[in-house]
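A.B. asks: need a structure here:
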Amino acid sequence: MPVDPSAIATWANLVTVGRVLIAPLMFWMIPEQPGGAWAAFALWFVLCSSDGIDGYLARRHGTTNLGTFLDPLADKVLVLGAMFTLVSRNVFWLLPVVIIAGREIGISLYRTFVGAKGVSMPASKIAKWKTLTQQLSVGFAIAPLTAVDSKWLWNGLLWISVVLALVSGAQYMWRAHVGKSSASLSQVS
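C.D. replies: Numbers count the residues shown, from 1 in each chain. So this is what the prediction gives:
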């Protein structure tokens, strides 16, 4: 039975809120010294996997307005929180994380702006790949097997996620521009 889009207490929303509430514990578990930690990696894996669980629940039972807002927010809290924690631990370099954060803030503000006008802006395929590469970059940076000896792997994924962030951000802006042009043309016609 589909849920009411205005519903607040749904299983999908519960999973999403749980991800946000558990995130600070994950950040705290990231070790002070490079080298990774299995407990932090395991919790990171669970938190990233739970994104798929809340998505499955939302598709199965129906999406809610709150869930549409909270799910991308939870992704950003997790990824950016972990990335900035890794910056503070001298694992990640600040520049790529600032670029990613700037893109995320800009697109989130734009989504909020157009959402207030009733326009939906679902995540593009490139944006989904961006999120995956971000999650993998953090995961490999905190996994003991790859944290020290495979810096090239997680650092490469971090820079790939920067490129995907910029491309998907440009894609959203292009769609917005084309949408405005189409709306202007239809008003003239």
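
A.B. asks: spatially central residue in the chain, please.
C.D. replies: In the chain, the residue lying closest to the centroid (Cα atoms, centre = their mean) is Asp75, at 3.4 Å.

A.B. asks: what residues does it make contact with?
C.D. replies: 51, 131 (Cβ atoms under 8 Å, 6 or more residues apart in numbering). All C-beta atoms are positioned from the backbone trio N, CA, C, and that covers glycine.

A.B. asks: for Pro24, see how far away it is.
C.D. replies: 16 Å (Cβ to Cβ, to the nearest Å).

A.B. asks: that older thread, for the residue nearest to the centre of the chain, pull up the helix or strand it's in.
C.D. replies: Per DSSP states H and E: Asp75 is located in helix 65-88.

A.B. asks: and stretch 148-160, average pLDDT?
C.D. replies: Averaging pLDDT along stretch 148-160 gives 96.

A.B. asks: buried residues in it?
C.D. replies: 153-155, 157-160 (16 or more other Cβ atoms under 10 Å).

A.B. asks: let me have the residues you listed in CSV, adding distance to Met29 and secondary structure as columns.
C.D. replies: Below are the buried residues of stretch 148-160 laid out as CSV (distance: Cβ to Cβ, whole Å; DSSP: H, G, I helix; E, B strand; the rest coil):
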residue, distance to Met29, secondary structure
Leu153, 21, helix
Trp154, 17, helix
Asn155, 21, helix
Leu157, 20, helix
Leu158, 20, helix
Trp159, 25, helix
Ile160, 25, helix
